[in-house]
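J.: Please work out how this folds:
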Amino acid sequence: MWIINPASRKAAYVSKKLYIKTWGCQMNVYDSKKMADILAPLGYQEVETPDDADMMILNTCHIREKATEKVFSDLGRLRPFKEAKAEKGEKALIAVAGCVAQAEGAEITKRAKYVDMVFGPQIYHKLPEMILEATGQKRIVNTEFPVESKFDHLPGEAKPAGPSAFLSVQEGCDKFCTFCVVPYTRGAEFSRPIEQIIEEAKRFADSGTKEITLLGQNVNAFHGEDAKSKTWNLAELIAAVADINGIERIRYTTSHPKDMDDALIDAHGSIEKLMPFLHLPVQSGSDRVLELMNRKHTAEFYIDIIDRLRKARPDIALSSDFIVGFPGETDEDHAQTMELVRKVNYASCYSFKYSPRPGTPGAVMKGVVAEDIKNTRLQELQALLVEQQTAFNKGFEGKTLPVLFDRKGQKDGQLLGKTPWMQSVHAEANARLFGEIVEVEITGAFQNGLSGKIVTTETTSTPSPQKDAA
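T.: Numbers count the residues shown, from 1 in each chain. Sure thing, here's the model as predicted:
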């Protein structure tokens, strides 16, 4: 932030500390990064802890159990940092953003009067104005769905995105599953304009990004328009991103079975840069429960999609989401879910006990399943999923895979990366290989990842002069 010193009348740049904690989906991760990009020109620099931070943002998710209470718990931990700044005569702002803010804004302002700003996921492009008002002692609550799209007002990236980047292309959902709060917190489906997406993807590529994940609450329902008002589907968008120099890998998440059209299934077989991994949530293997959930598809419909995907791309790996203990679920319904899992044979999955979300139809449904039954069913499901995931990873032992190193390991001289099938791989590697796609021989396989060694004579240490001379 530039300020004027009255004594010297010279401009001085004052750096401020920004702390952001993010929960939930990759869309929230993307939103947090964009908030940091918006605030960077104002002098805010991201820090890892809230100590002495000038602004603290909790970017929240309403999907998980007891989400609201977790937010209040974290707010309680942030409050002393705000008070410590006040004791020094300085002001620190606390903000709650995201889906909990959208759904529970009134409750937050009522219970946590020290919170300065509460705003939903559609409004963060107005952060500079909101900060100005909050700094002037005004409390900000903004959970409206604006007429204009936030994407039309976002700045470019304040710093390189890194080897792997998320790119939001679609937001909101029109499906109204009875367990889900997303349509109420993110709003109706909206797809970004084509040129806007391609421009952002090119900026990523120019900064060294090799892998882009296209994001959306229901990304395969994408229907963005180009400058000629032609509507594109997701398959067409993926093809356009694949044509960008420097982009080597493309992924997309999260999808709904009803929107897996022929063009998108065919794209998995025809676009080499589209990675052979798909996260396609099914939630249950019981048609009766799927109807109660308002999923708009059957188990057979879902299995047919999987069969068609495997025909188009035989090496594709699948991931999914499951909810156990939805109201009305019986032992037979659970058995049908277990059978679907055996048929598909997943590479990885997320599974949860059902917990009601205020304001959703599921929250008032009859037939609530007892917690001990939920626990038993979840344990049985997760045991099968762990078995499948471990077996999938074990199948790669001894093979050589292309790994994009996009993270640094916990140990010196170690890098972490991803295979085309989304497995995490750690290996001893020279730091210069960060951001590169490297051939790695897989030497170990575990439930949650792989270990390997670089297929090269290069070492992580500097050769001695004697060896060089030899």
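J.: going forward, measure contacts and count neighbours with C-alpha atoms only.
T.: Noted.
J.: For Asp206, give me its contacts.
T.: Taking Cα atoms under 8 Å, 6 or more residues apart in numbering as the criterion, Asp206 is in contact with Gly246.
J.: roughly how far apart are it and Arg249?
T.: Relative to Arg249, Asp206 is positioned 15 Å away (Cα to Cα, to the nearest Å).
J.: my guess is Leu433 meets Phe405, correct?
T.: Yes: in this structure, Leu433 sits in contact with Phe405. The criterion is Cα atoms under 8 Å, and the distance is 7.0 Å.
J.: Show me which of those two is the more surrounded one.
T.: It is Phe405, of Leu433 and Phe405, that has more neighbours when counted by other Cα atoms under 10 Å, with 27 against 13.
J.: Any regions of the chain where pLDDT drops low?
T.: Across the chain, the ranges flagged by pLDDT under 70 are 1-14, 64-65, 145-159, 457-470.
J.: one more time with 80
T.: Counting by pLDDT under 80, the low-confidence segments of the chain come to 1-14, 24-25, 62-68, 122, 136-138, 143-161, 456-470.
J.: ok, which stretches of it are helices?
T.: 26-39, 67-87, 98-111, 127-135, 182-185, 194-206, 234-242, 262-270, 287-292, 299-312, 331-344, 371-394, 465-469 (DSSP state H).
J.: closest one to Thr49 among these?
T.: Evaluated with Cα to Cα, the helices of the chain place helix 67-87 nearest to Thr49, the distance being 10.2 Å.
J.: List the buried residues for that closest one?
T.: 67-68, 71, 75, 78-79, 81-82, 85 (16 or more other Cα atoms under 10 Å).
J.: Repeat that for stretch 442-456.
T.: 442-445, 447, 449-454.
J.: Distance from the chain centre to that stretch, please.
T.: In terms of Cα atoms, centre = their mean, to the nearest Å, the centre of stretch 442-456 is set 25 Å apart from its chain centre.
J.: What's the end-to-end length of it?
T.: Stretch 442-456 has an end-to-end distance of 13 Å (criterion: Cα to Cα).
J.: rewinding a little: mind putting the helices of the chain into a markdown table with distance to Thr143?
T.: Conversion of the helices of the chain to a markdown table gives the following (distance: least, Cα to Cα, whole Å):
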| stretch | distance to Thr143 |
| --- | --- |
| helix 26-39 | 15 |
| helix 67-87 | 16 |
| helix 98-111 | 5 |
| helix 127-135 | 12 |
| helix 182-185 | 9 |
| helix 194-206 | 25 |
| helix 234-242 | 29 |
| helix 262-270 | 34 |
| helix 287-292 | 30 |
| helix 299-312 | 36 |
| helix 331-344 | 38 |
| helix 371-394 | 34 |
| helix 465-469 | 64 |
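J.: quick one, which of those is nearest to Leu215?
T.: Comparing the helices of the chain against Leu215 with Cα to Cα, the closest turns out to be helix 26-39 (6.5 Å).
J.: Can you spell out which helices and strands pack onto the closest one?
T.: With contacts defined as 3 or more Cα pairs under 8 Å, 6 or more residues apart in numbering; DSSP states H and E, the packing partners of helix 26-39 are strand 16-22, strand 44-46, strand 55-60, helix 127-135, strand 164-168.
J.: Using TSV, lay out those together with distance to Phe190.
T.: Written out in TSV, the entries for the helices and strands packed on helix 26-39 read as follows (distance: least, Cα to Cα, whole Å):
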stretch	distance to Phe190
strand 16-22	23
strand 44-46	29
strand 55-60	21
helix 127-135	21
strand 164-168	11
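J.: Point out the most buried one among the ones you listed.
T.: Using mean count of other Cα atoms under 10 Å, the stretch among the helices and strands packed on helix 26-39 with the greatest mean number of neighbours is strand 55-60 (a mean of 24).
J.: can you dump the C-alpha coordinates of it into CSV?
T.: This file holds the C-alpha atoms of strand 55-60, laid out as CSV (Å, rounded to 0.1, in the frame of the first residue of the first chain):
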residue,chain,number,x,y,z
MET,A,55,-5.8,-9.3,7.8
MET,A,56,-7.0,-12.8,8.5
ILE,A,57,-9.4,-14.6,6.2
LEU,A,58,-11.1,-17.9,6.9
ASN,A,59,-12.3,-19.3,3.5
THR,A,60,-14.9,-21.8,4.6
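J.: And for the closest residue to Ile316 other than its chain neighbours, the neighbour number?
T.: Closest residue in space to Ile316, ignoring its immediate chain neighbours: Pro276 at 4.3 Å, by Cα to Cα, 6 or more residues apart in numbering. Other residues within reach of Pro276 by the criterion other Cα under 10 Å amount to 22.
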